[in-house]
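1. Next one to model:
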Amino acid sequence: MKNILISTGGSGGHVVPGTIFYEHLKNKFNLFMTSDERGIQFLDKEKYNIAVINAPKISKNIFLLPAQVFSLIGLIFKSYFFLKNKKIEILISTGGYMSLPLCVASKILRIKLFLFEPNLVLGRSNKFFIGSCQKIFCYSNKIKNFPNELKYKISVIPALLRKEFYNIRVSNKRNKNFNLLIIGGSQGAKLFDTEIKNSIIALSKKYQLKVFQQTSQKNFKSLKLFYQSIQIENELFDFDDDVVTFMSKANICLTRAGASTLAELVFLNVAHIAIPLPTAKDNHQFENAFFYNQHGCNWLLNQNEINDDNLVNKLFNIIDNKEEYLNKKMNMKNFCYQNTWNNINQKIISTINEN
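-> Reported below is the predicted structural model:
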């Protein structure tokens with residue numbers, strides 16, 4: 001069997017797809033995985049064959065640049081010897097600067113490189129290596145900033161989902177009891193932790209409300225006290241918890257627009273308002289949300305449009321307009337009809353074997 005290395009790290013948006021590639025390939029290949037220190041927190045060290053290659057984030061401070069360049073060169077050498085010692089034949093990179101040393105080393109060793117781009121904007125690291133990769137796995141062939149002459153390298157696959165998502169579906173039933181899900185992503189979201197509290201209070205006055213909210217551990221205590229003070233039933237969870245359980249209970253979701261989260265919500269047909277992070281690189285969260293919006297799968301709000309009144313009014317309108325609500329859910333169901341574990345598995349393995 002061929003030896004394959006999956007390079008990941010950084011945020012959950014990179015790490016979760018890395019683990020899904022691992023699950024798809026583990027029965028056909030000998031697998032290894034690398035991550036930086038940030039990504040390790042999202043990984044089960046006992047489940048995956050993990051090595052740490054801790055690429056530093058490049059600072060804009062010119063005084064730190066020489067030290068960072070020397071560090072990067074050292075990591076390229078480390079990556080070179082790691083790839084050579086493990087006899088790696090194929091490298092799969094889930095993107096981000098943390099994969100840069102390994103991708104450079106793979107070029108030196110002439111190891112086959114496969115990239116992954118879940119966003120609707122080509123990432124900067126992927127753009128740097130797109131010319132030398134075999135294929136790049138994407139969710140669409142309409143990726144912004146993608147060189148036209150290299151589009152033949154795109155291998156379109158349905159959105160990568162953890163295996164447990166294929167065993168769950170969300171009920172279309174709605175009643176006076178209303179479950180609101182709030183997802184800020186692996187990096188958290190200040191907007192959801194602090195700035196929508198009045199909207200939640202207003203919602204609770206009209207509906208019997210229960211809130212499921214993803215947040216960082218440091219915010220658990222303050223949010224718990226807030227919900228207790230206004231007597232709203234709630235469950236708080238962090239990124240490592242089993243989000244599929246909470247998605248399966250939700251009537252509607254407020255979410256950032258990370259590629260993995262949107263794919264999961266759409267697959268489970270969870271009605272959702274996407275509020276992209278305005279500072280996301282190359283505005284990729286907006287493009288992610290807009291892609292699904294164009295397919296009639298979500299409601300899209302810009303963060304600068306949000307205040308207590310228009311967010312509450314938007315939620316009231318969605319909840320009360322049953323026809324539009326169910327139409328969105330049907331659009332999501334139709335969008336995902338080809339997304340099965342076997343379809344994706346066959347596509348990934350055949351693409352790797354053909355190249």
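2. Under a three-state scheme, what state does the residue lying closest to Gln338 once chain neighbours are set aside occupy?
-> Once flanking residues are discounted, Gln338 sits nearest to Pro158: 5.8 Å by C-beta to C-beta, 6 or more residues apart in numbering. Bear in mind the C-beta positions are built from the backbone N, C-alpha and C, glycine included. Following DSSP: H, G, I helix; E, B strand; the rest coil, the label given to Pro158 is coil.
3. Can you list the neighbours in contact with stretch 204-211?
-> If you take C-beta atoms under 8 Å, 6 or more residues apart in numbering as the criterion, stretch 204-211 is touched by 176-182, 200, 203, 227, 230, 232-235, 316, 319.
4. Let me fix that, I meant to ask about stretch 145-163.
-> 16-17, 19-21, 23, 118, 121-122, 127, 130-131, 133-141, 143, 244, 259-260, 263-264, 266-267, 282, 336, 338-341, 343-344, 347-348, 351.
5. Where does pLDDT dip in the stretch 101-250 of the chain?
-> 169-176, 185-189, 240-241 (pLDDT under 70).
6. any idea where the strands of it begin and end?
-> Per DSSP state E, counting those that start in this stretch, the stretch 101-250 of the chain carries strands over the ranges 112-117, 135-138, 154-156, 177-183, 208-214, 233-237.
7. and among the ones you listed, the most buried is which?
-> strand 112-117 (a mean of 24; mean count of other C-beta atoms under 10 Å).
8. Please save the CA atoms from that one in CSV.
-> Taking Å, rounded to 0.1, in the frame of the first residue of the first chain, the C-alpha atoms of strand 112-117 are listed here in CSV:
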residue,chain,number,x,y,z
LYS,A,112,2.8,13.8,-5.5
LEU,A,113,0.8,16.7,-4.0
PHE,A,114,-3.0,16.9,-3.6
LEU,A,115,-4.6,20.1,-2.3
PHE,A,116,-7.9,20.7,-0.6
GLU,A,117,-9.9,23.9,-0.9
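9. doesn't Met332 make contact with Trp266?
-> Check again: residue 266 is Val, not Trp. Yes: counting by C-beta atoms under 8 Å, Val266 does reach Met332; the two are 4.7 Å apart.
10. what touches both of those two?
-> Cys297.
11. circling back to that earlier point, export the strands of the stretch 101-250 of the chain to TSV and tack on distance to Gly39?
-> Shown next, in TSV, are the strands of the stretch 101-250 of the chain (distance: least, C-beta to C-beta, whole Å):
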stretch	distance to Gly39
strand 112-117	14
strand 135-138	19
strand 154-156	24
strand 177-183	19
strand 208-214	18
strand 233-237	20
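12. Out of those, the one nearest Asn310 is which?
-> Nearest to Asn310 among the strands of the stretch 101-250 of the chain is strand 177-183 (16.8 Å), distances taken as C-beta to C-beta.
13. In contact with Lys84, which residues?
-> Leu109.
14. can you confirm it is in a strand?
-> No: read with three-state DSSP, Lys84 is helix and lies in no strand.
15. do you know how far it is from Ser7?
-> From Lys84 across to Ser7, the span is 15 Å (C-beta to C-beta, to the nearest Å).
16. quick one: the helices in this structure?
-> 12-25, 37-40, 65-85, 100-109, 124-129, 190-194, 197-206, 220-229, 243-249, 259-267, 284-294, 308-320, 322-335, 341-354 (DSSP state H).
17. Now do Gly74, the pLDDT please.
-> Looking at Gly74, its pLDDT is 89.
18. Neighbours of it, how many?
-> The number of residues packed around Gly74, counting by other C-beta atoms under 10 Å, is 11.
19. Ile319 too?
-> Ile319: 18 neighbours (other C-beta under 10 Å).
20. Distance of it relative to Asn179?
-> As judged by C-beta to C-beta, Ile319 and Asn179 stand 11 Å apart.
21. Overlap of the contact sets of those two?
-> Residues touching both Ile319 and Asn179 by C-beta under 8 Å, 6+ apart: 251-252.
22. okay if I get the helices of the chain as JSON lines plus distance to Tyr48?
-> Formatted as JSON lines, the helices of the chain follow (distance: least, C-beta to C-beta, whole Å):
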{"stretch": "helix 12-25", "distance to Tyr48": "6"}
{"stretch": "helix 37-40", "distance to Tyr48": "10"}
{"stretch": "helix 65-85", "distance to Tyr48": "16"}
{"stretch": "helix 100-109", "distance to Tyr48": "16"}
{"stretch": "helix 124-129", "distance to Tyr48": "21"}
{"stretch": "helix 190-194", "distance to Tyr48": "30"}
{"stretch": "helix 197-206", "distance to Tyr48": "38"}
{"stretch": "helix 220-229", "distance to Tyr48": "27"}
{"stretch": "helix 243-249", "distance to Tyr48": "19"}
{"stretch": "helix 259-267", "distance to Tyr48": "17"}
{"stretch": "helix 284-294", "distance to Tyr48": "26"}
{"stretch": "helix 308-320", "distance to Tyr48": "39"}
{"stretch": "helix 322-335", "distance to Tyr48": "30"}
{"stretch": "helix 341-354", "distance to Tyr48": "17"}
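23. nearest to Phe212, of those helices?
-> For Phe212, the closest of these is helix 243-249, at 4.4 Å, according to C-beta to C-beta.
24. Can you give me every residue that contacts Leu120?
-> Counting by C-beta under 8 Å, 6+ apart, Leu120 makes contact with 139-140, 142-144, 284, 287-288, 290-291.
25. and which of those is nearest to Asn3?
-> Distance to Asn3, by C-beta to C-beta, is smallest for Tyr139 among the contacts of Leu120, at 27.2 Å.
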